[in-house]
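Enquirer: Got a predicted structure here, sequence first:
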Amino acid sequence: MIQYDLHCHSTYSDGVLPPGDVVRRAAAHGVDVLALTDHDELQGLGEARAAAAEEAIELIPGSELSVTWERHTLHVVAVRIDPKNEGLREGLAAIRVGRDARAQKIADSLREAGIPDALDGARKYVTSDRLISRTHFARFLAETGHVRDVHDAFKRYLVAGKPGYVPHSWAALAEAIGWIRGAGGQAILAHPGRYAISNRDMRRLLGEFRDSGGEAIEVVSSSHTPAQFIEYATYARAFGLKGSCGSDFHAPGESWMEFGDLPPLPVGVEPVWSTW
Ligand code: AMP
Ligand code: MN
Ligand code: MN
Ligand code: MN
């Protein structure tokens, strides 16, 4: 059985390993086909491709796009995109704009909650000057003892309704899918089980996603429980969408699943790679 993992991060976004180490780690854990999907970024793909050639595994060029749909932030994983495509590159640059200003506002909000110097603190964890993420703030909060771990940082800070949360407007859904398709790629709705959304709105979202050219949803993800693997397999079939799987690996010990630990897609879901 070929092992696919179509979602992970490197130091070009909020992962802690450079792309070459990500690829070598995935290969060592039995992954055969790996998509590197840094947030709103393509810069790591060259290094990943070189390492994949050495390891004799297949590297799929990808990215994870930040999207605002109604009042929700969604993530759309792009796979098999042409990294040189200008439309996609400009789109991603447009999404990245605003991250620095948001980071300043996050730090201001944390200061009001009694946590000073969070911007300098978070910057110590930033590994690409093009991308500062809430994850970098979470690592700062954990390392300085304000919270137990990164997960706790997101529970107590950085999410809607908590100190350190700053609303932000990312790309529109149809726009992001358009950039992905324009670059020859396929759009996958990432970890649908993570969105705080009613069943009714989930159905609306999936209909809109499919009608805008979306191809698949992540069924097997470290963000999902085994019950959610089944739930989203059922959604995929009902909406004529394919299924995908990805660890969403960010850092050793930090993510819920290690490379190679993904269970197979539930029976009856057409894999997003069925036509590759
Ligand atoms: P940003 O794109 O800067 O808003 O940051 C989003 C990132 O924060 C996600 O890609 C995850 O890596 C991380 N994240 C969000 N929620 C959580 C959570 N509950 N636990 C751990 N990491 C999270
Ligand atoms: Mn992330
Ligand atoms: Mn995500
Ligand atoms: Mn991710």
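Expert: That came in fine, so what should we check first? Numbering: from 1, shown residues only. Ligands and ions are numbered 1, 2, ... in the order given.
Enquirer: is stretch 9-19 up against ligand 1 anywhere?
Expert: Yes - counting by CB under 6 Å from any ligand atom, contacts between stretch 9-19 and ligand 1 involve residue 14. All C-beta spots, glycine's among them, are computed from the backbone N, C-alpha and C.
Enquirer: Ends of that stretch, what's the gap?
Expert: Start to finish, the residues bounding stretch 9-19 are 8 Å apart (CA to CA, to the nearest Å).
Enquirer: what's the answer for stretch 161-168, then?
Expert: Distances were taken as CA to CA; on that basis the terminal residues of stretch 161-168 are 14 Å apart.
Enquirer: touching ligand 1 at all, it?
Expert: No - taking CB under 6 Å from any ligand atom as the criterion, stretch 161-168 and ligand 1 are apart, separated by no less than 7.3 Å.
Enquirer: same check, this time on stretch 90-104
Expert: No - using CB under 6 Å from any ligand atom, no contact is recorded between stretch 90-104 and ligand 1, whose separation bottoms out at 6.9 Å.
Enquirer: Write out the residues of the chain neighbouring ligand 1.
Expert: Proximity of the chain to ligand 1, by CB under 6 Å from any ligand atom, involves residues 14, 39, 66, 133-135, 150-151, 154, 250.
Enquirer: Show me these that map onto helices.
Expert: The members of the residues of the chain next to ligand 1 that map onto helices under DSSP state H are 134-135, 150-151, 154.
Enquirer: any idea which of the residues you listed has the most stuff around it?
Expert: For these, the largest number of neighbours (other CB atoms under 10 Å) sits with residue 135, at 25 neighbours.
Enquirer: how close does that one sit to residue 32?
Expert: Applying CB to CB, to the nearest Å, one obtains 27 Å for the distance of residue 135 from residue 32.
Enquirer: who's in contact with the closest residue to residue 182 other than its chain neighbours?
Expert: Nearest non-adjacent residue to residue 182, counting by CB to CB, 6 or more residues apart in numbering: residue 87, 4.7 Å away. When the contact criterion is CB atoms under 8 Å, 6 or more residues apart in numbering, the partners of residue 87 are 179, 182-183.
Enquirer: ok, of those residues, which one's closest to residue 21?
Expert: Within the contacts of residue 87, proximity to residue 21 (CB to CB) peaks at residue 183, which comes in at 26.1 Å.
Enquirer: count of neighbours near the closest residue to that closest one other than its chain neighbours?
Expert: The shortest distance from residue 183 to any non-neighbouring residue, by CB to CB, 6+ apart, is to residue 85 (3.5 Å). Look at residue 85: counted by other CB under 10 Å, it has 17 neighbours.
Enquirer: so residue 85 makes contact with residue 180?
Expert: No - the pair residue 85 and residue 180 does not pass the contact test of CB atoms under 8 Å, sitting 9.4 Å apart.
Enquirer: returning to what we had before: ok, the contacts of residue 87 vs ligand 4, which is closest?
Expert: For ligand 4, the closest of the contacts of residue 87 turns out to be residue 179, at 17.6 Å, with distances computed as CB to the ion.
Enquirer: Report the spatially nearest residue to that closest one, omitting neighbours in sequence.
Expert: On the basis of CB to CB, 6+ apart, the spatially nearest residue to residue 179 that is not a chain neighbour turns out to be residue 91, at 3.9 Å.
Enquirer: before we move on, what about residue 251?
Expert: Leaving aside its sequence neighbours, residue 251 sits nearest to residue 16 (CB to CB, 6+ apart; 4.1 Å).
Enquirer: contacting residues for the one you found?
Expert: For residue 16, the contacting residues are 127, 250-252, 254, by CB under 8 Å, 6+ apart.
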